[in-house]
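>>> Sequence plus the predicted model coming up.
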Amino acid sequence: MNADEFKQRFLPLNAKLYKVAYLMLGNEDDAKDAVQDAYMKMWSHRDSLAHIDNPQAYCVTLVRNLCLDRHRAASIDIVDKPPEELPIASGYDTSQHIERQQTAQLLNQCLARLPAQQQQVVRLRDLSGCSMQEIEKATGLTAVNARVLLSRARKTLRAQFQNILSS
C-alpha cells in the first residue's frame, strides 16, 4: 500500500479515532498520542492493510487496544510491587507490614487464578478505582455484564482467600 492509498483509507478516520481514544483515556494529550501511535503502527504494517475490508472497525479496535495498554501501564497496583518497594507507614510496626505484604501476595495469587475478564474487571474497579462507566468503555462490556463478572470474581476471591487462611 502506497502513501496515497493509506491517506485515502485511513486518514479520514482521524476524528472518530480521537473520540474513541478521548472517551477511554479522558485526556486530550493522551488521546492524541494514542491515535498517533495507531497511525504509526498501521504505517509500519501498511503492506498487510490492503486486505482489510472494514478500515474503520480495524482502526477503532486498534485504538481501543492501545488505550487499554495505556490504562494497564498507568495503573501501578500495590499488589504488583515487590515487597521491598511497598511503603512502610510510621504507624505500623514491622509485623503488621509483613502481614500486609503476605496478604497482598496471597490476594495477587488468588486474582491470577480468575478468568481474564474477571481479572480485568476487578483490577479496573477495585485496584484502579474506575467507575462502571469507565469499565464499560475500557472493556467493551455492558454495565450488567461487568457487574456480574465483578460479583462472581469477588465471590471466588473470598472463597479462595478463606480456603488459604483456613488451611
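Sure thing, it's come through.
>>> From the contact counts, what lies against the least confident helix or strand in the chain by mean pLDDT?
In the chain, no helix or strand scores lower on mean pLDDT, DSSP states H and E than helix 94-112, which sits at a mean of 76. Judged by 3 or more CB pairs under 8 Å, 6 or more residues apart in numbering; DSSP states H and E, helix 94-112 is in contact with helix 116-122, helix 143-166. Where you see a C-beta, it was placed from the backbone N, CA and C, and this is true even at glycine.
>>> Identify all contacting residues around the shortest one.
In this case it means helix 116-122. With contact meaning CB atoms under 8 Å, 6 or more residues apart in numbering, helix 116-122 is reached by 111-112, 114, 135, 139, 141, 146, 149-150, 152-154, 156-157.
>>> Could you pull up the mean pLDDT of it?
Helix 116-122 carries an average pLDDT of 87.
>>> Mind checking what helix or strand follows it in sequence?
Moving toward the C-terminus from helix 116-122, the next helix or strand (DSSP states H and E) is helix 132-139.
>>> if we can go back for a sec, of all the helices and strands packed on helix 94-112, which one comes closest to residue 19?
With distances scored as CB to CB, the stretch of the helices and strands packed on helix 94-112 nearest to residue 19 is helix 143-166 (20.3 Å).
>>> any idea how far residue 123 is from residue 48?
Here the criterion is CB to CB, to the nearest Å. By it, residue 48 lies 32 Å from residue 123.
>>> Please say which of the two ends up with more neighbours.
Each of residue 48 and residue 123 has its neighbours counted (other CB atoms under 10 Å); residue 123 has more, 21 against 10.
>>> ok, so what distance separates the more buried one from residue 131?
14 Å.
>>> Likewise for residue 50?
40 Å.
>>> before we move on, what about residue 109?
27 Å.
>>> next one: residue 45
Taking CB to CB, one finds residue 45 at 34 Å from residue 131.
>>> which stretches of the chain aren't confidently modelled?
Scanning the chain for pLDDT under 70 picks out 74-94, 97.
>>> rewinding a little: and the least confident helix or strand of the chain, which residues are buried?
Buried residues in helix 94-112, counted by 16 or more other CB atoms under 10 Å: 100, 101, 104, 107, 110, 111.
>>> which among the residues you listed gets closest to residue 30?
Distances from residue 30 to these, taken as CB to CB, are shortest for residue 111 (26.4 Å).
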